[in-house]
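Peer 1: what's the 3D shape of this:
(chains A and B)
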Protein chains: 2
Amino acid sequence: MTYTKVKYEELKKMCDLVFEKFGFHLEDSETITDVLLLSDLFGIESHGIQRLVKYYTEIKSGLINVKSEPKIVKETPVSVTLDGQAGMGQLIAKKAMNMAIEKAKTSGIGMVTVRNSNHYGIAGYYARMAEQKGLMGISMTNSPAVIVPTFGKEAMLGTNPIAIAMPAEPYPFLMDMATSVVTRGKVEVYNKRQEPLPKGWALNANGEDTTDPKDILYNVPRHLGGGIVPLGGSGELTGGHKGYGFALVVEMFTAILSGGLTGNYVHLDGKDGSGTCHYFCAVDYGMFGDKKSIENSFSKYLDELRNSKKAKGAVKIYTHGQKEVEAYNDKMKNGIPMNDSTLKEIYDICKYFDIDPKKYISKIE
Amino acid sequence: MTYTKVKYEELKKMCDLVFEKFGFHLEDSETITDVLLLSDLFGIESHGIQRLVKYYTEIKSGLINVKSEPKIVKETPVSVTLDGQAGMGQLIAKKAMNMAIEKAKTSGIGMVTVRNSNHYGIAGYYARMAEQKGLMGISMTNSPAVIVPTFGKEAMLGTNPIAIAMPAEPYPFLMDMATSVVTRGKVEVYNKRQEPLPKGWALNANGEDTTDPKDILYNVPRHLGGGIVPLGGSGELTGGHKGYGFALVVEMFTAILSGGLTGNYVHLDGKDGSGTCHYFCAVDYGMFGDKKSIENSFSKYLDELRNSKKAKGAVKIYTHGQKEVEAYNDKMKNGIPMNDSTLKEIYDICKYFDIDPKKYISKIE
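Peer 2: Have a look, this model is predicted:
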């Protein structure tokens, strides 16, 4: 697979226009583009602009309803329950996190749980929204089942990412991670490269360890058994029950609190939404002490972690969010690498909508 | 090592008396005993009554101050920051979780962060306090550094457990887990048995994989390098950076928010407390929807997980908290297994305080 670097500003303008052609208002198009491109800028290609075609397919099939507005089901000074009404995940999620942020500003804490939404991109985007307002932010989502519970052989929980962000200098803390050992996207990468999976990632239809990516990509969508292992591995010896527990907690905050669908019912072939559920939380940590002192002591600790002694042969110790800042700065300066098949898909969509991609994209290299 | 089963009621009475002799009021003694014995009833021997001698040593050395009262540093309708004043961890933690519960009852959510406390027993005890009041409960604590950050060789974070509890039938959800692959206690068990550790648990002084428990138990307290691997393993291939992230988040909620000491400064040899920090949260999930509906859908999902298809050769799929309920019922009926060295230590303490242990303990077998 070859990659071509494309300028951020050019990609942004073109994507904004494409999403308008999908039927979204300009402001909403800009939000969706912003979520997708942040993923590319962070180096997470699987959740970036390469999903544009997928979203279009989901809009055409009726899975995503372009015109619907999220509805407030219940509200208190510290909480909201939202029904996403099968709208676009990014728009629902941004609205929900903004509600959490407003509650946190007045009440100290805001928690928003969302049912009946769709894929919302990277969880980290929304946690970072709070961080950029000087708050702690948390974001979680469930997704179609792919994690197998410990001692099971049936996918029962989504990859269920948890993202947590908190201001710090020079690198804001931003952890954004699936509660599975790896994401489905990583399995797809090995499949495309025709390489076996590393040991300890996946289970076959009998619930036994496998290194064949097809056991996941073919079997799981057909409910033939098997799936991705929870963080910690299969069995309990290296803590697989812990990853299973974290994935379950994400189902609890997203699906159970909102009255929505758990991962084993979230689907990608429906006509009125996938039933995906999210959770957002913002905390004004100033309620615990002096904000500046808290930020300073956090920055100091993160610095101590980065500067602690390295393992033999290791080059660098990272804190969460540091790689993303480094990738962001590099890609803003040098362009976003787009793989050729993604670029072709985008060009095809542009042509379909009578947009001349060459008017927007001047290849950097 | 041989085990003798002892009746719960007898152990309880004797321990209440011993803690009174340590200098605590009867009510406080009962709280400490309750936390320790719940651990034994759950089958977690490492955090149970076998720590009685350790607590006594820490009281005599001045690490734990029997007479101090936790002090409120800051308070809002949804939050409290507490200074534990180097008191007994269990007493501070129970008080803190009760504050979180009261806030949740009036405001929907209560968050309490605590600095300058000591070892508080099992994290699950406090999360369960909220669950037993019909709330969601969260409890975390840091501890002396033993987890090595990904690509490092220096212990920089405690084993940092996270406990989350939520009402459900027939088994309430109760997840209580270190963010390391295993606890320090498990390493001690392998050392006592003179068995090598399973691969993927620990790092030696160079930051390389090791199976020698001494690399942890000798090297880490002396700051010679090495430690326990975060959940997910060493390196990033099986998600070690995720476990490192969860351990870091525990430091953030406990030490950073409270203005206390992070794991790399928490110590066990001080004269004015270890500096251990905790975090407690209670959520009245009724603010998101009908409480009974939420509980029912959660119970249904947990049931679906337990009844999902089993891996080849597997007997049972558990949900978190189920093993604890089964252990609790068994031990309440059949007695708590006490290993002989623990029983001897307790008898020695009794004699020191002129208590005749035989007046309390009638061995069951």
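Peer 1: near chain B, which residues of the stretch 51-200 of chain A?
Peer 2: A:73-74, A:76-79, A:81, A:107-109, A:111, A:113, A:148-154, A:156, A:164, A:166, A:173, A:175, A:177, A:179, A:181-182, A:198, A:200 (Cβ under 8 Å from any Cβ of the partner chain). C-betas here are computed from N, CA, C, even on glycine.
Peer 1: which of those fall in strands?
Peer 2: A:73-74, A:76, A:79, A:81, A:109, A:111, A:113, A:164, A:166, A:173, A:175, A:177 (DSSP state E).
Peer 1: report the central residue of chain A.
Peer 2: residue A:122 (2.2 Å; Cα atoms, centre = their mean).
Peer 1: is that residue in contact with residue A:46, as I believe?
Peer 2: No. Counting by Cβ atoms under 8 Å, residue A:122 does not reach residue A:46; the two are 9.3 Å apart.
Peer 1: overlap in contacts, the two.
Peer 2: residue A:39 (Cβ atoms under 8 Å, 6 or more residues apart in numbering or on different chains).
Peer 1: just checking, residue A:154 touches residue B:309?
Peer 2: Yes. With contact defined as Cβ under 8 Å, residue A:154 reaches residue B:309; the gap is 4.2 Å.
Peer 1: more crowded one of these two?
Peer 2: residue A:154 (25 against 17; other Cβ atoms under 10 Å in any protein chain shown).
Peer 1: can you pull the pLDDT of that one?
Peer 2: Residue A:154 is assigned 97 on the pLDDT scale.
Peer 1: cool, and residue A:188?
Peer 2: Taking residue A:188 on its own, its pLDDT is 89.
Peer 1: distance of the closest residue to it other than its chain neighbours from residue A:184?
Peer 2: Nearest residue to residue A:188 in three dimensions, chain neighbours excluded: residue A:217, at 6.7 Å (Cβ to Cβ, 6 or more residues apart in numbering or on different chains). According to Cβ to Cβ, to the nearest Å, residue A:217 stands 8 Å off from residue A:184.
Peer 1: which one's more surrounded, these two?
Peer 2: Each of residue A:217 and residue A:184 has its neighbours counted (other Cβ under 10 Å); residue A:184 has more, 20 against 15.
Peer 1: does the residue sitting furthest away from the middle of chain A lie in a helix or a strand, and which?
Peer 2: No residue in chain A has its C-alpha farther from the mean C-alpha position than residue A:312, which lies at 33.1 Å (Cα atoms, centre = their mean). In the assignment (DSSP states H and E), residue A:312 maps to no helix and no strand.
Peer 1: surely it meets residue B:206?
Peer 2: Yes. If you go by Cβ under 8 Å, residue A:312 and residue B:206 touch, sitting 4.4 Å apart.
Peer 1: got any residues that touch both of those two?
Peer 2: With Cβ under 8 Å, 6+ apart as the test, residue A:312 and residue B:206 both reach residue B:153.
Peer 1: ok, which stretches of the stretch 101-250 of chain A are helices?
Peer 2: A:123-131, A:184-192, A:213-217, A:240-251 (DSSP state H, counting those that start in this stretch).
Peer 1: mind giving me the packing neighbours of the very next helix or strand once past the last one?
Peer 2: Yep, that's helix A:240-251 we're talking about. Using DSSP H and E, the next helix or strand after helix A:240-251 towards the C-terminus is helix A:257-258. Applying 3 or more Cβ pairs under 8 Å, 6 or more residues apart in numbering or on different chains; DSSP states H and E, we find helix A:257-258 packed against strand A:79-83, strand A:109-117, strand A:276-283.
Peer 1: distance to residue B:258 added to those, as CSV?
Peer 2: As requested, those are arranged in CSV below (distance: least, Cβ to Cβ, whole Å):
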stretch, distance to residue B:258
strand A:79-83, 24
strand A:109-117, 16
strand A:276-283, 14
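Peer 1: out of these, the one nearest residue A:26 is which?
Peer 2: strand A:109-117 (21.8 Å; Cβ to Cβ).
Peer 1: just the CA trace of that closest one, in CSV.
Peer 2: Coordinates of each C-alpha in strand A:109-117 appear next as CSV, following Å, rounded to 0.1, in the frame of the first residue of the first chain:
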residue,chain,number,x,y,z
ILE,A,109,-19.7,17.6,37.4
GLY,A,110,-21.7,16.7,34.4
MET,A,111,-22.5,13.2,33.2
VAL,A,112,-24.4,12.5,30.0
THR,A,113,-25.4,9.1,28.8
VAL,A,114,-26.6,8.5,25.3
ARG,A,115,-28.6,5.7,23.6
ASN,A,116,-29.6,5.1,20.0
SER,A,117,-26.6,6.8,18.4
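Peer 1: show me which residues of it are buried.
Peer 2: A:109-117 (16 or more other Cβ atoms under 10 Å in any protein chain shown).
Peer 1: greatest separation within those residues: which pair is it?
Peer 2: Maximum distance among these (Cβ to Cβ): 24.2 Å, for A:109 and A:116.
Peer 1: now residue A:180: how far from residue B:76?
Peer 2: Applying Cβ to Cβ to residue A:180 and residue B:76 gives a distance of 37 Å.
Peer 1: residue A:115 now?
Peer 2: Taken as Cβ to Cβ, the span from residue A:115 to residue B:76 is 30 Å.
Peer 1: next: residue A:78.
Peer 2: 11 Å.
Peer 1: for residue A:356, same thing?
Peer 2: 56 Å.
Peer 1: more neighbours, those two?
Peer 2: The neighbour comparison of residue A:356 against residue B:76 (other Cβ under 10 Å) goes to residue B:76, with 18 against 11.
Peer 1: nearest residue to that one other than its sequence neighbours?
Peer 2: residue A:287 (4.7 Å).
Peer 1: so the one you found touches residue B:77, yeah?
Peer 2: No. Residue A:287 lies out of contact with residue B:77 (Cβ under 8 Å); the separation is 9.3 Å.
Peer 1: okay if I get the buried residues of strand A:109-117 as JSON lines plus distance to residue A:347 and pLDDT?
Peer 2: JSON lines is the format used below for the buried residues of strand A:109-117 (distance: Cβ to Cβ, whole Å; pLDDT from 0 to 100):
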{"residue": "A:109", "distance to residue A:347": "46", "pLDDT": "98"}
{"residue": "A:110", "distance to residue A:347": "42", "pLDDT": "98"}
{"residue": "A:111", "distance to residue A:347": "42", "pLDDT": "98"}
{"residue": "A:112", "distance to residue A:347": "38", "pLDDT": "99"}
{"residue": "A:113", "distance to residue A:347": "39", "pLDDT": "98"}
{"residue": "A:114", "distance to residue A:347": "34", "pLDDT": "98"}
{"residue": "A:115", "distance to residue A:347": "36", "pLDDT": "98"}
{"residue": "A:116", "distance to residue A:347": "34", "pLDDT": "98"}
{"residue": "A:117", "distance to residue A:347": "30", "pLDDT": "98"}
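Peer 1: follow-up on the earlier one: more neighbours: which of residue A:287 and residue B:77?
Peer 2: residue A:287 (22 against 16).
Peer 1: tell me the pLDDT of the more buried one.
Peer 2: Reading off the model, residue A:287 has pLDDT 98.
Peer 1: weakest of the helices of the stretch 101-250 of chain A in terms of mean pLDDT?
Peer 2: When I compare the helices of the stretch 101-250 of chain A, helix A:184-192 is least confident, with a mean of 90.
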